[in-house]
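# 3D, please:
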Amino acid sequence: LWQLNPFGFHLTNSVFHTLNTVLLFFLFIHFFNRRAPSFIAALIFSCHPVLSEAVDAISYREDLLGATFFIAAFFLYLKVSMEERRFTPVYFASVVCYLFGVFSKEMAITLPFFILLYDLILTKKTNLRSKLIHYYPGYIFVSALYFVIRFLILHNPIESHVSYPGDSVFVNFLTMSKVLASYIKLFFFPFKLCADYVMPYSHSLLDPSFILSSLLLSSVIIIACRLFFYSKIAFFSVVWPFISLLPVLNIVPIENIMTERYLYLPILGFCMIGGTVLGHRNTFGVFGEPYKAHDGCNQTQNEDQGHEDRGQGISNPAADRRFQNLKKILVRNKTSLLWNTVAIIILILVLIIFSITTVRRNFIWMDQSILWTSTAKVSPNSFKVHNNLGNMHRDAGRLDESIVELKHALELYDNYVDAHNNLGVTYRKKGMLNEAISEYQRALHLNPRYPYAHNNLGVLYAKSDLLDLAITEFTNAISNKPDYFDAHNNLGATY
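Take a look at the predicted model:
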């Protein structure tokens with residue numbers, strides 16, 4: 001539709017984010033049963049800076065789509081479960097949305113867990129058995145279908161080479177604990193955002209960073225346990241991020257163990273917490289139901305009708321009770337008004353700070369040079385960032401700067417196949433053919449199935465009139481990537 005026009009793609013992402021915000025407002029109404037906290041939660045979601053990566057980066061639209069179908073599926077389930085009708089079009093629409101969601105982004109696979117948790121703590125348990133029989137099978141079937149297609153039919157062999165940090169389950173546990181704590185920090189303090197986070201591995205329980213992360217996580221767990229007996233919706237909000245992050249907590253090894261786009265769904269819990277706190281029921285006017293200031297007074301007046309004064313100067317118990325009730329009402333109104341003022345100020349400040357930070361992130365994501373330069377300042381030990389800076393310098397004709405950045409990337413991680421290949425390309429453009437061949441061969445030593453190094457090495461062999469070797473390399477590139485049209489074209493030219 002948009003061909004090579006980036007504006008159209010960014011517009012589409014913005015439309016999806018706006019749609020998600022609207023859908024969340026209606027979903028939150030089901031959770032809170034009130035509009036005020038729902039509106040506040042949706043406002044926080046709309047402008048939270050940590051979501052800028054998912055919205056600004058065109059290639060991460062999967063996160064937006066996955067969230068759209070996830071929210072729609074949950075909302076439709078709540079509608080059909082409230083009506084207690086079996087196999088309605090609304091139910092099938094919910095299951096279909098869930099199907100689209102899991103195939104858009106695997107994080108949507110957590111929907112059945114949220115449905116179960118919602119039914120357990122926020123609805124009447126008397127209907128749970130009926131829901132398990134009549135509603136849950138559709139979601140279970142979709143989940144099973146996804147696992148079969150994803151891991152058996154569409155399994156990527158490259159994923160088999162991804163391992164735990166330090167090739168250790170223990171190191172993975174320690175490291176992912178720090179990642180989880182970092183996510184919580186980003187919810188509340190979304191500053192120093194970064195396109196590529198580097199989380200140092202922890203190898204000991206005595207690692208100070210792991211200890212601090214453990215204290216933070218323990219505090220959150222204690223708070224969640226206490227909230228379970230105080231407010232079920234608050235408990236639901238606190239545990240939401242932990243459940244939604246399960247697919248990306250490196251239980252099954254993944255390449256990127258920490259990135260902001262993973263938070264698009266988990267942040268809903270933080271938004272609900274904000275709605276719960278700032279939209280408290282005692283809050284006046286905008287944020288909640290106004291306190292009924294005259295109920296107690298009217299009740300006292302009705303109860304005391306018919307009493308007569310028994311003489312001047314004699315204590316009247318009825319009048320004393322009216323006076324005490326009036327004092328309590330005034331104190332409550334004063335407290336409610338004070339909290340209303342504080343809530344408004346906090347909300348305005350949060351929205352202003354979040355909006356300004358988001359706008360700044362938008363400008364950073366607009367330009368490749370600004371993006372990677374900014375990321376290098378926040379995350380100087382990211383080998384991926386220096387690799388991207390090297391590519392950027394090479395495309396701009398700054399070959400010496402490109403070589404410096406790519407070598408720095410390899411200093412940080414010598415087994416980085418992409419950096420070896422990109423350094424080879426830069427050497428070739430600079431006329432350093434022997435060095436280029438050496439880098440391509442190093443990349444193929446690390447990954448013999450890497451198609452780009454095969455193709456690039458074939459190009460060098462063809463220019464050196466080593467046509468048989470060139471044909472072999474082009475053929476290897478095509479065998480590892482059948483849709484690699486550059487390799488097909490080069491092979492044809494060599495023939």
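# show me the shaky parts of the stretch 201-350 of the chain.
280-336 (pLDDT under 70).
# mind running it again at 80?
280-340 (pLDDT under 80).
# now do the helices in it.
208-230, 232-244, 267-278, 295-304, 317-366 (DSSP state H, counting those that start in this stretch).
# tell me how far Tyr77 lies from Lys192.
Distance of Tyr77 to Lys192, given as Cβ to Cβ, to the nearest Å: 38 Å. Just so you know, the C-beta spots here come from the backbone N, C-alpha and C atoms, and that holds for glycine as well.
# quick one: which of these two has more around it?
Taking other Cβ atoms under 10 Å, Tyr77 and Lys192 do not tie; Tyr77 has more neighbours (29 against 9).
# how much space between the more buried one and Val50?
Tyr77 is 27 Å from Val50, by Cβ to Cβ.
# distance from stretch 486-495 to the middle of the chain?
Relative to its chain's centre, stretch 486-495 lies at 42 Å (Cα atoms, centre = their mean, to the nearest Å).
# give me the mean pLDDT for that stretch.
Averaged across stretch 486-495, the pLDDT comes to 89.
# and for stretch 415-427?
Per-residue scores along stretch 415-427 average to 94.
# how about it: buried residues?
Neighbour-count burial for stretch 415-427 flags Tyr416, Val417, Asp418, Ala419, His420, Asn421, Asn422, Leu423, Gly424, Val425, Thr426, Tyr427 (criterion: 16 or more other Cβ atoms under 10 Å).
# distance between that stretch and the chain's centre?
With Cα atoms, centre = their mean, you get 31 Å for stretch 415-427.
# what residues does that stretch touch?
Here stretch 415-427 makes contact (Cβ atoms under 8 Å, 6 or more residues apart in numbering) with 383, 386-387, 390-391, 394, 399, 402-403, 406-407, 409-410, 413, 433, 435-440, 442-443, 446-447, 450, 452-453, 456.
# and the residues you listed, which of them are in helices?
383, 386-387, 390-391, 394, 399, 402-403, 406-407, 409-410, 433, 435-440, 442-443, 446, 452-453, 456 (DSSP state H).
# tell me the buried residues within those residues.
383, 386-387, 390-391, 394, 399, 402-403, 406, 409-410, 435-437, 439-440, 442-443, 452-453, 456.
# quick revisit: ok, so of the buried residues of stretch 415-427, who is nearest Leu460?
Nearest to Leu460, judged by Cβ to Cβ, of the buried residues of stretch 415-427 is Gly424 at 8.6 Å.
# what helix or strand does that closest one sit in?
Here Gly424 sits within helix 417-430, counting by DSSP states H and E.
# so how far is Ala57 from the closest residue to Leu410 other than its chain neighbours?
Excluding its sequence neighbours, the residue lying closest to Leu410 (Cβ to Cβ, 6 or more residues apart in numbering) is Ala419, at 5.2 Å. For Ala419, the distance to Ala57 equals 21 Å [Cβ to Cβ].
# repeat for Gly424
27 Å.
# next: Phe141.
Taken as Cβ to Cβ, the span from Phe141 to Ala57 is 33 Å.
# have a look at the two and say which one is more surrounded.
Neighbour count, other Cβ under 10 Å: between Phe141 and Ala57, Ala57 has more, with 18 against 12.
# got the contact list for that one?
Counting by Cβ under 8 Å, 6+ apart, Ala57 touches Arg261, Trp365.
# so where's the stretch 51-200 of the chain uncertain?
83-87, 124-127, 155-162.
# rewinding a little: just the angle between the helix holding Gly424 and helix 433-446, please?
Per axes from the mean of the first three to the mean of the last three Cα atoms, to 10 degrees, the angle that helix 417-430 makes with helix 433-446 is 160 degrees.
# the host helix or strand of Val80 - contacts with which helices or strands?
Assigned by DSSP H and E, Val80 falls within helix 61-83. Secondary-structure packing of helix 61-83 (3 or more Cβ pairs under 8 Å, 6 or more residues apart in numbering; DSSP states H and E): helix 6-32, helix 52-56, helix 89-104, helix 111-121.
# let's have those in TSV, adding distance to Gly274 and mean neighbour count.
Formatted as TSV, these follow (distance: least, Cβ to Cβ, whole Å; neighbours: other Cβ atoms under 10 Å):
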stretch	distance to Gly274	mean neighbour count
helix 6-32	11	17
helix 52-56	18	23
helix 89-104	24	19
helix 111-121	19	17
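# how about those, which one is nearest Ser168?
Of all those, helix 111-121 comes closest under Cβ to Cβ, at 27.7 Å.
# could I have the CA atoms of the helix holding Val80 written out in PDB?
C-alpha atoms of helix 61-83 as PDB (Å, rounded to 0.1, in the frame of the first residue of the first chain):
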ATOM      1  CA  ARG A  61       4.400  -3.500  14.200                       C
ATOM      2  CA  GLU A  62       4.000  -7.100  15.300                       C
ATOM      3  CA  ASP A  63       3.800  -5.900  18.900                       C
ATOM      4  CA  LEU A  64       1.000  -3.500  18.000                       C
ATOM      5  CA  LEU A  65      -1.000  -6.100  16.100                       C
ATOM      6  CA  GLY A  66      -0.500  -8.700  18.800                       C
ATOM      7  CA  ALA A  67      -1.700  -6.300  21.400                       C
ATOM      8  CA  THR A  68      -4.700  -5.200  19.300                       C
ATOM      9  CA  PHE A  69      -6.000  -8.800  18.900                       C
ATOM     10  CA  PHE A  70      -5.100  -9.600  22.500                       C
ATOM     11  CA  ILE A  71      -7.100  -6.800  23.900                       C
ATOM     12  CA  ALA A  72     -10.000  -7.400  21.500                       C
ATOM     13  CA  ALA A  73     -10.100 -11.100  22.400                       C
ATOM     14  CA  PHE A  74     -10.100 -10.400  26.100                       C
ATOM     15  CA  PHE A  75     -12.800  -7.700  25.700                       C
ATOM     16  CA  LEU A  76     -15.000 -10.000  23.700                       C
ATOM     17  CA  TYR A  77     -14.600 -12.800  26.200                       C
ATOM     18  CA  LEU A  78     -15.700 -10.600  29.000                       C
ATOM     19  CA  LYS A  79     -18.800  -9.600  27.000                       C
ATOM     20  CA  VAL A  80     -19.800 -13.200  26.200                       C
ATOM     21  CA  SER A  81     -19.000 -14.500  29.700                       C
ATOM     22  CA  MET A  82     -21.200 -11.800  31.300                       C
ATOM     23  CA  GLU A  83     -24.100 -12.900  29.100                       C
END
